[in-house]
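[1] dropping the sequence and predicted coords here.
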Amino acid sequence: MIRCSTRNMKKGIDFIGVGVVCLCHDGNKRYLLGLRSDQCRDEHFKWDPIGSGGIKHGETIEDAVRREVLEEVGTSPLDLERIGMRETFRELDGQKYHWIQFDYLVRIDPNQVSNPEPEKCLEMRWCSIDEFPEEKDLHSQFPKFLNTYKEIL
């Protein structure tokens, strides 16, 4: 029998990663973005929707949304709206990535937001879509997310 250890395998690289992408909003068309530090896995110093990440084994998709938002934004969601699912492929620094992403709009109370992971998120910013940073300053997958859902944002 051949045994395979997944101990050193990386989500999205050695096997398809499954995750949630949460675009947090205040209910008034203002969205919360985070600036990634060099302590993040990749895409350092890029803006992205904060409150996103991988789904853990045995965790429901909506529980992953709740956990990620609480871990990264410091508050629990008031409302979750699943807006779609995407399969993402990208290559960064010669490394190929493959993820299945479940996309959500997540309403939160802006007065309850904190930055529980300052080592990973250098800055948080509330802004309307027309105030978003330039595309070159966004996580490589974020413009695709915005283009996919532009009609409902």
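    Happy to help now that I have it. Numbering: from 1, shown residues only.
[2] apart from its chain neighbours, what residue comes closest to the residue most central in space within the chain?
    Averaging the C-alpha coordinates of the chain gives a centre point, and the residue nearest to it by Cα atoms, centre = their mean is Ser52 (2.8 Å). With Cβ to Cβ, 6 or more residues apart in numbering as the criterion, Ser52 has its nearest non-adjacent residue at 4.6 Å, and that residue is Val21. Where you see a C-beta, it was placed from the backbone N, CA and C, and this is true even at glycine.
[3] give me the residues contacting stretch 132-141.
    Applying Cβ atoms under 8 Å, 6 or more residues apart in numbering, the contact partners of stretch 132-141 are 21, 31, 33, 36, 43, 46-48, 88, 90, 92, 101, 143, 146.
[4] list the buried residues of the longest helix seen in the chain.
    Within the chain, and with DSSP state H defining each element, the longest helix by residue count is helix 61-73. Within helix 61-73, the residues that qualify as buried are 64-69, 72-73, counting by 16 or more other Cβ atoms under 10 Å.
[5] CSV for those, including distance to Ile13 and pLDDT?
    As requested, those are exported to CSV (distance: Cβ to Cβ, whole Å; pLDDT from 0 to 100):
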residue, distance to Ile13, pLDDT
Ala64, 19, 98
Val65, 23, 98
Arg66, 26, 98
Arg67, 22, 98
Glu68, 20, 97
Val69, 25, 98
Glu72, 22, 97
Val73, 26, 97
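[6] I figured the residue nearest to the centre of the chain hits Gly19, correct?
    Yes: the criterion here is Cβ atoms under 8 Å, and Ser52 meets it with Gly19 at 6.7 Å.
[7] picking that back up, tell me how far the residue nearest to Ser52 lies from Asn111.
    With the distance defined as Cβ to Cβ, to the nearest Å, Val21 ends up 24 Å from Asn111.
[8] who's more crowded, those two?
    Neighbour tally, Val21 and Asn111, criterion other Cβ atoms under 10 Å: the higher count belongs to Val21, 26 against 7.
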